[in-house]
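[1] Have a look at this fold, sequence not included:
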RNA sequence: GGGCCUGUAGCUCAAUGGUUAGAGCAGAGCGCUCAUAACGCUUUGGUUGGGGGUUCAAGUCCCUCCGGGCCUACCA
């Protein structure tokens, strides 16, 4: 049995994620996990919150809470929303877990043993008022180049020139506004990625089947300028994983923590340990250690394009550099951005629709279907309320929902609420079975390849085929002269419902469950179109389901568009 | 500035260098009456951003110009 390890980029703890975040990692990862499970693979699907770093500390301060409490609360919020969207994680962990502390410190120790860590003494801006070192972008001042007075320490947004914080005129803390700043000497650990450039480059070159988006970003970092640069993996912060060399102290690094991008991907591994410690699994190393059973695991990661450098270079450098037999990623599925009504979704500006808001107005299936069928796979894509309304009304209500409705109600009216006996499948049914088998093969091919939009289009075509059949067969007419033949047609069409439920479940799990439930069967992936479409025995009872997808009317759409047009308060 | 991605029908997107560039939606017409005024069939719609080049053959490869986007290493 195939074994698939799936991770979604771990969402940052700072606030509720918007639909762009969702469609860029967690949702497609869930689609794939559900599909692979349905196909009989053994799947471990992991996600977690990414809790460290300056923004988490600031968000906690803003909320007036200790950072650990803030993170715990936000984890609970995100976990509930993940549940609301039916994200089927085997475990939803936390990068602040003790398991991740231990493992991150372990990796650092191994990298030090391998000579891949060097200490760097550097100058950084310290804010007395904020009592913290400030990352470059948390320093504001006047741009020496263009005079813009809100230039950041890393770059001026006005003239786009790259800056060093010390270039700024009248620098101030972006957090407090304080100008009581000081340049201090501080010591940090750097991961010697440059020493691993050739190894990483060869590894990337071996991934000919990866999306262009993924490999081109990696190559850029490998080859640009002087090539792959060493990367600082520690920070002067309070909240984070204390710098240790394995379980030993790291002299000179007291009071410092690991950089969030060092410990966050390690959480993918630690999360598996959390999964076991939570009593959900027995052995996590068989998923992660190629010397302990993971040699036949296929590991697939999902992420937005901004995450690619860390997953193609930094994290692999950590794994390879450790010298230990950890599982490396086999396939990276990366996504572009989903835009919102002519601009970007923005967490910091509160622009767009956020996960909690989305669930407050419509069930998860609406969002899952629309977002996945418009996943930004090849370029940025755009959410508009008009398109959303039009697409979900047509696809879910008219094509799928109405199909289920029309055939179950027809059967109830003519034969009662049980699969009718009588008659036999003829050429029409045989032809459709062959057509559906071909479509099923294509659908599976797209899902195997994680071609999400193509898979969605094929699934939709499979739904349409049911309506085409009913129109061509016309059991309501045939019934008048040949009730047995009409019974066979009806039986055939009823059999399409469990077939659709199985195939649709990765996209719209709740609707799939209600379809299967109405037909009195479990959601199951079909072995073949022929077997599936003869599965319901004559006499098998069913119920006419409630309206599966209510339509979004124009007034409601307009109201939502207005409600979500501004900035979230 | 540099790098990468992208530009195809009104909209959203397809198309291993190989017939006449295809789907869905929207629009138009017809049909059906089982159904959530749903469904089905037919159909309108293209100088593939502009220009040049390579090739027997270019949406696809090369050059150039124009537009959009992302990244550019201390936000994550």
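    Right, received. Where do you want to start? If you're wondering where the values come from, they're calculated on a predicted model, not measured in any experiment.

[2] so where does residue A:14 fall, helix or strand?
    Assessed by DSSP states H and E, residue A:14 sits outside every helix and strand.

[3] brain fart, residue A:301
    For residue A:301, the host element (DSSP H and E) is strand A:297-304.

[4] Check whether that strand comes near RNA strand B.
    No: between strand A:297-304 and RNA strand B, judged by C-beta under 7 Å from any atom of the strand, nothing touches; the nearest distance is 8.4 Å. Yep, even glycine has a C-beta here, placed from its N, CA and C like the rest.

[5] Would you mind identifying the next helix or strand past that strand?
    That would be, after strand A:297-304 and using DSSP H and E, helix A:308-309.

[6] what's in contact with that next one?
    The contact list for helix A:308-309 (C-beta atoms under 8 Å, 6 or more residues apart in numbering) reads A:213-214, A:217-218, A:221, A:332, A:334.

[7] ranges for the helices of the stretch 101-250 of chain A?
    According to DSSP state H, counting those that start in this stretch, the stretch 101-250 of chain A carries its helices in the segments A:197-205, A:212-223.

[8] nearest to residue A:156, of the ones you listed?
    Closest approach to residue A:156 among those (C-beta to C-beta): helix A:212-223, 22.7 Å.

[9] how near is the residue in the stretch 351-500 of chain A that RNA strand B sits nearest to to residue A:146?
    Ranked by C-beta to the nearest atom of the strand, the top residue of the stretch 351-500 of chain A for proximity to RNA strand B is residue A:401, at 1.8 Å. To residue A:146, residue A:401 is 56 Å away according to C-beta to C-beta, to the nearest Å.

[10] So between those two, which is more surrounded?
    Set side by side, residue A:401 and residue A:146 show more neighbours around residue A:401, with 21 against 13, by other C-beta atoms under 10 Å.

[11] wait, the more buried one sits on residue A:515?
    No: Residue A:401 is beyond contact range of residue A:515, at 9.4 Å (criterion: C-beta atoms under 8 Å).

[12] Dihedrals phi and psi, residue A:134?
    Per-residue torsions, residue A:134: phi -110, psi 130 (degrees, to the nearest 10).

[13] so who does it touch?
    Applying C-beta under 8 Å, 6+ apart to residue A:134 gives the contacts A:124-127, A:153, A:165, A:173-175, A:181.

[14] Ok, residue A:340 next?
    Neighbour list for residue A:340: A:18-20, A:351-353, A:382-383 [criterion: C-beta under 8 Å, 6+ apart].

[15] Buried only: go through those residues for me.
    The neighbour count (16 or more other C-beta atoms under 10 Å) marks A:18-20, A:351-353, A:383 as buried among the contacts of residue A:340.

[16] Including distance to residue A:557, secondary structure and pLDDT, could the residues you listed go into TSV?
    Formatted as TSV, these follow (distance: C-beta to C-beta, whole Å; DSSP: H, G, I helix; E, B strand; the rest coil; pLDDT from 0 to 100):
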residue	distance to residue A:557	secondary structure	pLDDT
A:18	19	strand	90
A:19	16	helix	91
A:20	20	helix	89
A:351	19	strand	82
A:352	16	coil	86
A:353	13	coil	91
A:383	13	strand	88
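
[17] tell me the contacts of residue A:517?
    Neighbour list for residue A:517: residue A:545 [criterion: C-beta under 8 Å, 6+ apart].

[18] what's the pLDDT at it?
    Per-residue pLDDT puts residue A:517 at 97.

[19] Okay, it and residue A:420: tell me how far apart.
    Look at residue A:517 and residue A:420: by C-beta to C-beta, they are 20 Å apart.

[20] try residue A:509
    Distance from residue A:509 to residue A:420, by C-beta to C-beta: 29 Å.

[21] Could you pull out the helices in the stretch 351-500 of chain A for me?
    Under DSSP H, counting those that start in this stretch, the stretch 351-500 of chain A gives helices at A:355-361, A:364-373, A:385-392, A:402-414, A:427-448, A:452-473, A:475-481, A:483-504.

[22] Now do the buried residues in the fifth one.
    For helix A:427-448, burial by neighbour count (16+ other C-beta under 10 Å) applies to A:429, A:432-433, A:435-437, A:439-440, A:442-444, A:446-447.

[23] on that earlier part again, just the mean pLDDT for the strand holding residue A:301, thanks.
    Mean pLDDT, strand A:297-304: 93.

[24] Leaving aside the residues adjacent along the chain, what's closest to residue A:176?
    residue A:129 (4.7 Å; C-beta to C-beta, 6 or more residues apart in numbering).

[25] For the one you found, list the residues it contacts.
    Residue A:129 touches A:173, A:176, A:178, A:180, counting by C-beta under 8 Å, 6+ apart.

[26] now do residue A:154
    Listed by C-beta under 8 Å, 6+ apart, the contact set of residue A:154 reads A:136-137, A:162-163, A:165.

[27] In the residues you listed, which has the lowest confidence score?
    Among the contacts of residue A:154, residue A:162 carries the weakest pLDDT, at 73.

[28] Where does pLDDT dip in the stretch 151-300 of chain A?
    The stretch 151-300 of chain A contains residues with pLDDT under 70 at A:159-160.

[29] Tell me the residues of it that contact RNA strand B?
    Counting by C-beta under 7 Å from any atom of the strand, the residues of the stretch 151-300 of chain A close to RNA strand B are A:153-155, A:160, A:162, A:188, A:193, A:212-213, A:216-217, A:220-221, A:224-225, A:227-229, A:231-232, A:235, A:259-261, A:264.

[30] Then the stretch 451-569 of chain A?
    Within the stretch 451-569 of chain A, the positions near RNA strand B by C-beta under 7 Å from any atom of the strand are A:453-454, A:457, A:460, A:464, A:467-468, A:470-472, A:474, A:476-477, A:547-551.

[31] Mark which of those are buried, thanks.
    The neighbour count (16+ other C-beta under 10 Å) marks A:453-454, A:460, A:467, A:470, A:548-549 as buried among those.

[32] tell me the two of the residues you listed that are most distant?
    Maximum pairwise distance among those (C-beta to C-beta): 26.9 Å, between A:453 and A:470.

[33] in stretch A:366-379, what's buried?
    Buried residues in stretch A:366-379, defined by neighbour count with 16+ other C-beta under 10 Å: A:366-377.

[34] Let me know the closest of those residues to residue A:492.
    Top of the list for closeness to residue A:492, among the buried residues of stretch A:366-379 and by C-beta to C-beta, is residue A:369 at 25.6 Å.

[35] wait, doesn't that closest one sit right on residue A:505?
    No: counting by C-beta under 8 Å, residue A:369 does not reach residue A:505; the two are 12.0 Å apart.

[36] Identify the residues contacting the closest residue to residue A:243 other than its chain neighbours.
    Of all residues not flanking residue A:243 in the chain, residue A:253 sits nearest, at 4.0 Å (C-beta to C-beta, 6+ apart). For residue A:253, the contacting residues are A:187, A:189, A:234, A:243, by C-beta under 8 Å, 6+ apart.
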